[in-house]
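> Generate a structure from the sequence data that follows.
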Amino acid sequence: MKGDSVRQPIVSVLGHVDHGKTSFLDYIRGSTVVSREAGAITQHIGATEVPVEAIYKICGPLLKGGKLSIPGLLFIDTPGHHSFTTLRSRGGNLADMAILVIDINEGLKPQTIESINILKRAKTPFIVALNKIDLIYSWRAHRNESFLSTMGKQNEQVQQLLEEKIYNIVGKLYDIGFSADRYDRISNFQKNIALVPISAKTGEGIADIMMILVGLAQKFLEEKLWTDETGPGEGTVLEIKEEKGLGPTMDFILYKGSIRRGDTIVLEAKNQPRITKVKAILKPKPLDEIRDPREKFDSVEFVTAAAGVKIVAQNIEDVIAGGVLRVVRAEDDIQDVIDQVCTESKICVETCEGGIVVKADAIGSLEGLAFEAKAKNILISKAEVGDISRRDVVEASACTDPTRRIILGFNVKILPDAKEALIEHDIKIIQSDIVYRIIDEYEEWLAEKKKEMEAGSRKEIVYPGKAVILPDCIFRVSKPAIVGVRILAGRLRVGQHLIREDGKEVGKIKSIRDKKESLKEAIMGQEVAISIDGATAGRQIDVDTVLYVDIPGAHCKELTEMGTLSYDDKDVLDQVCKIKRKDDKFWGM
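Numbers count the residues shown, from 1 in each chain. This next block holds a predicted model:
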């Protein structure tokens with residue numbers, strides 16, 4: 001149903017560390033005088049509101065006198081939160097659109113690609129801010145000018161250098177499935193991603209990016225932005241934190257309707273929906289009013305979408321960051337709202353037996369991690385929001401497959417009881433606040449684990465070995481017989497059984513010595529003394545007797561399938577097969 005007013009589009013800012021996300025928002029915040037005059041940029045909890053008057057001021061002649069129908073833009077500002085993966089709304093992600101900040105001089109980085117994957121998965125329209133044009137060699141800065149204006153004032157070599165950098169980024173985006181170009185060359189913004197060169201330091205290009213944002217919002221999002229200002233509010237929880245003198249509080253983005261002091265609200269919590277009342281709604285005081293840090297908030301009676309506020313309420317300690325909040329206005333609606341919150345809070349992660357354990361700080365980030373895991377064919381048995389507990393460690397250790405005894409944790413801590421459990425249980429935990437790093441580390445660990453397991457199984461498998469008893473090297477006749485041998489191919493190991501060329505059993509290798517040194521194994525080319533339990537020199541063995549390692553039939557099949565034997569080892573295995581198949585045609589098959 002269409003509402004009675006248009007709200008501000010909610011814009012998220014993403015990008016690689018140090019590419020300029022914070023600088024961009026800082027520039028936006030400082031671009032108009034912070035005061036009580038109309039058009040001042042105001043700071044919300046977890047967000048920055050840029051009203052339409054400020055947009056007119058920033059964009060100036062770029063708007064060509066056009067009238068804006070949106071009341072402004074609300075930038076989600078969540079440093080320390082994972083601003084996009086954490087934040088969901090009923091329609092997918094909280095943000096209506098996004099800005100992806102890329103350092104024009106460094107290009108795409110792993111975190112940039114992760115951000116693009118998040119946007120693609122959420123089907124969120126985005127534009128790219130190519131930041132740090134002021135660092136291009138010989139660039140002459142013109143503060144606050146539009147990109148096209150400042151570009152026209154650069155010399156030919158600088159313009160050429162800029163074009164090369166843009167061309168490289170266009171190519172990299174094309175490689176991962178996106179058509180992109182400089183914004184002023186695009187005619188169809190639905191099929192192409194707009195690249196806007198900017199400097200968050202000098203303000204160059206900021207007017208262009210604001211113009212593109214409001215233009216795209218008005219053209220493609222206006223239907224989505226209508227809201228009923230008097231209707232019950234809906235929003236997303238950013239964070240639960242303790243405020244001195246207030247107790248537990250909740251940072252919250254309202255994206256639909258309104259919320260009032262005294263409203264009953266239903267929240268997504270760890271075990272079941274939490275029902276409580278709004279005791280207070282707090283907004284930050286304007287910067288020019290902050291004197292005493294203990295009085296940094298103004299209390300308000302109500303707010304309408306879109307807004308970022310702090311809510312004071314009881315029993316919210318186990319409310320989930322990234323979860324939904326819904327306002328209940330009529331008592332008879334409460335069960336319907338509880339049912340809706342239950343439906344919305346269901347974690348969309350496919351699980352199966354025999355998979356790994358995955359934990360994250362919020363539902364959105366959990367689903368993001370699970371999505372990337374699935375893309376790499378990583379099976380998941382358990383996916384939950386919250387820190388890593390003893391129970392998680394015990395469950396992971398119960399997996400019969402050693403390659404699945406692992407917990408992946410996105411932006412979570414290991415609880416003390418889990419640390420104690422790690423002493424008893426041999427499992428691996430990988431933690432990071434970057435999804436791609438978790439997946440990369442997991443793949444490295446898995447490859448190493450498989451190598452270890454293969455090495456272990458190699459020790460257990462009986463490998464081919466062939467030796468001959470040397471002249472004048474019968475040192476003891478029996479109990480045990482001790483003889484000198486040369487290893488002709490493969491290897492001999494302590495504990496292995498030996499046979500002759502006619503298939504008759506000789507005995508079991510009790511020890512291997514090279515001069516005074518005791519060995520576990522002797523390899524091709526070595527001359528060593530071996531003691532053989534069950535053998536008698538002059539009876540089963542003598543000088544020039546050729547000995548073979550007695551290989552079990554099942555091991556023969558496994559060795560053949562492994563395909564890792566050397567030519568000489570394979571030749572010895574073939575000789576053993578011929579010996580064994582004289583009595584059993586299907587031996588080793």
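
> ok, how many other residues are close to residue 472?
Per other Cβ atoms under 10 Å, the neighbour tally for residue 472 reads 7. Placement of C-beta: from N, CA and C, glycine included.

> ditto for residue 245
Using other Cβ under 10 Å, residue 245 is surrounded by 6 other residues.

> That one and residue 52: what is the separation?
As defined by Cβ to Cβ, to the nearest Å, residue 245 lies at a distance of 36 Å from residue 52.

> and residue 267, bridged to which residues?
In this entry, residue 267 is beta-bridged to residue 274, residue 325, by DSSP bridges.

> from memory it sits against residue 276, does it?
Yes - the pair residue 267 / residue 276 is scored as a contact, 7.1 Å apart, by Cβ atoms under 8 Å.

> where do the contact lists of the two overlap?
residue 316 (Cβ atoms under 8 Å, 6 or more residues apart in numbering).

> more neighbours, the two?
Neighbour tally, residue 267 and residue 276, criterion other Cβ under 10 Å: the higher count belongs to residue 267, 25 against 18.

> now the more buried one: how far from residue 283?
Distance from residue 267 to residue 283, by Cβ to Cβ: 20 Å.

> Ok, residue 385 next?
For residue 385, the distance to residue 283 equals 28 Å [Cβ to Cβ].

> Neighbour count for these two, which is higher?
residue 385 (22 against 18).

> For the more buried one, list the residues it contacts.
Counting by Cβ under 8 Å, 6+ apart, residue 385 touches 270, 320, 347, 359-363, 366.

> Need the buried ones from these selected in ChimeraX.
A single ChimeraX command is used to select the members of the contacts of residue 385 judged buried by 16 or more other Cβ atoms under 10 Å:
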select :320,359,360,361,362,363,366
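
> got a markdown table for the contacts of residue 385, with distance to residue 240 too?
Rendered in a markdown table, the data for those read as follows (distance: Cβ to Cβ, whole Å):
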| residue | distance to residue 240 |
| --- | --- |
| 270 | 11 |
| 320 | 9 |
| 347 | 19 |
| 359 | 17 |
| 360 | 16 |
| 361 | 11 |
| 362 | 11 |
| 363 | 14 |
| 366 | 17 |
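
> I'd assumed residue 119 was in contact with residue 126.
Yes - under the criterion of Cβ under 8 Å, residue 126 makes contact with residue 119 at 5.1 Å.

> any common contacting residues for the two?
Common contacts of residue 126 and residue 119 (Cβ under 8 Å, 6+ apart): 14, 98, 100.

> Mind telling me what element the last one is part of?
Here residue 100 sits within strand 97-103, counting by DSSP states H and E.

> again, but for the first one
Under the assignment given by DSSP H and E, the secondary-structure element containing residue 14 is strand 10-15.

> mind listing what that strand pairs with, with the direction of each?
strand 72-76 (parallel), strand 97-103 (parallel).

> Give me whichever of these is most buried.
Comparing the strands paired with strand 10-15 by mean neighbour count (mean count of other Cβ atoms under 10 Å), strand 72-76 ranks first with a mean of 25.

> hmm, back to that, take the strands paired with strand 10-15 and lay them out in CSV including distance to residue 427.
Formatted as CSV, the strands paired with strand 10-15 follow (distance: least, Cβ to Cβ, whole Å):
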stretch, distance to residue 427
strand 72-76, 36
strand 97-103, 36
